[in-house]
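>>> Structure, please.
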Amino acid sequence: MIEEGKKAPAFNLNDQDGKAHSLKDYLGKKVVLYFYPKDNTPGCTKEACSFRDEFAVFKKSNTVILGVSADAVKSHKNFSEKFSLPFPLLSDESKEMIENYGVWKEKSMYGKKYMGIERTTVIIDGEGKVKKIFSKVKVDGHTEEVLEALK
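Residues are numbered from 1 along each chain as shown. Below is the predicted model of the structure:
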């Protein structure tokens, strides 16, 4: 599991347009990495649209937003276009990054246990260190929490 104050694990993943992104690309900028379970599901759509609606505020504060899930590039492309998302959605089908960041967890729904992404947001500072971790994120009001933590 990652820890606040420690170096964030490196990654190299493709976005919805097939463009590669790695953590070192963003040195000197703050990064909001938000891990979400699945494209085009109610909570994930609400969260993505909330980040979209505040995108200009994040940009003004030299902050990059990156969404991450295990969905395929094509799924991300459809999701991104459908909701006009102005930030990259990274595809981690191998779940390597998701596991490195400690967000691949046992979950439970209707008494059935399964493995999945625990909705988590990680703020990384300009030097590549973990500044803040939001675990078990509740979508309502989350974007405001993240903006507050960036101050």
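
>>> What are the buried residues along the lengthiest helix in the chain?
For the chain, the helix with the greatest residue count under DSSP state H is helix 42-53. Across helix 42-53, burial judged by 16 or more other CB atoms under 10 Å covers Cys44, Thr45, Glu47, Ala48, Ser50, Phe51, Arg52. C-betas here are computed from N, CA, C, even on glycine.

>>> Show me what that helix packs onto, helices and strands only.
In terms of contact count using 3 or more CB pairs under 8 Å, 6 or more residues apart in numbering; DSSP states H and E, helix 42-53 is assigned the packing partners strand 30-35, strand 63-69, helix 142-150.

>>> quick one: average pLDDT of the last one?
Here the mean pLDDT over helix 142-150 is 95, rounded to a whole number.

>>> Next, work out how far apart the residue nearest the centre of the chain and Lys113 are.
The centroid of the chain falls nearest to Tyr34 when counting by CA atoms, centre = their mean (1.9 Å). Distance of Tyr34 to Lys113, given as CB to CB, to the nearest Å: 24 Å.

>>> pLDDT weak spots in this structure?
For the chain, no stretch is flagged by pLDDT under 70.

>>> would you list every one of the helices in this protein?
Counting by DSSP H, the helices of the chain are 42-53, 55-60, 73-82, 96-100, 142-150.

>>> contact partners of the fourth one?
Translated: helix 96-100. Residues outside helix 96-100 that contact it (CB atoms under 8 Å, 6 or more residues apart in numbering): Ile2, Pro9, Phe11, Leu13, Phe35, Val68, Ala70, Leu90, Asp92, Trp104, Ile117.

>>> Make TSV out of those residues and add distance to Ala56 and neighbour count.
Compiled in TSV, these are given as follows (distance: CB to CB, whole Å; neighbours: other CB atoms under 10 Å):
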residue	distance to Ala56	neighbour count
Ile2	28	16
Pro9	29	17
Phe11	26	19
Leu13	25	21
Phe35	23	24
Val68	22	26
Ala70	29	20
Leu90	21	24
Asp92	27	21
Trp104	32	19
Ile117	27	22
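
>>> of all those, which two lie farthest apart?
Ile2 and Ala70 (17.8 Å; CB to CB).
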